[in-house]
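Engineer: After the sequence you'll find the predicted model.
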Amino acid sequence: MTPPETAGAGKLRIDKWLWHARFYKTRSLAAKQVGAGHVRVNGSKVLKPSQNVSPGDVLTFPQGHLVRVVRILALSDRRGPAPEAQALYDDMTEVQEKRPQNPKFEGKGRPDKKSRRALDLSRVWEGD
């Protein structure tokens, strides 16, 4: 029987760690991101999902519209609940301003439902 991955050399595959830390829903999604060259470890691009990471490494990778920067604090031998996963890393991502919402209808662009109804009512009254 092999010892748990965290007890031995203190290293874990990067795709497994990203999955354990709940950055990706499946391990295969994590492996695809790593294989596509979207993940960096300590500033170096990683192309193999089998690349080992250890505590202290800094990972940079895209997630949605953000570029996440995290420092690995610990390794895990399982994919646990979210609070346990959040204890595995220190999030160093810079806080970005909220993305602007769609503008309200001001006579240009497409109106929302409330504005459309108001326009329809105004057209009915103008026609009489």
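Structural biologist: On my side now, so go ahead. Residues are numbered from 1 along each chain as shown.
Engineer: Scan this structure for its longest helix.
Structural biologist: helix 113-127 (DSSP state H).
Engineer: Count the neighbours of Tyr89 for me.
Structural biologist: Tyr89 is flanked by 22 other residues according to other C-beta atoms under 10 Å. C-beta: built from backbone N, CA, C; applies to glycine.
Engineer: I figured Thr60 was touching Arg68, is that so?
Structural biologist: Yes. The criterion here is C-beta atoms under 8 Å, and Thr60 meets it with Arg68 at 7.2 Å.
Engineer: Which of the three states applies to Gly10?
Structural biologist: Judged by DSSP: H, G, I helix; E, B strand; the rest coil, the three-state class of Gly10 is coil.
Engineer: er, Gly37 I mean
Structural biologist: Under three-state DSSP, Gly37 falls in the coil class.
Engineer: residues contacting it?
Structural biologist: For Gly37, the contact set (C-beta atoms under 8 Å, 6 or more residues apart in numbering) comprises 45-47.
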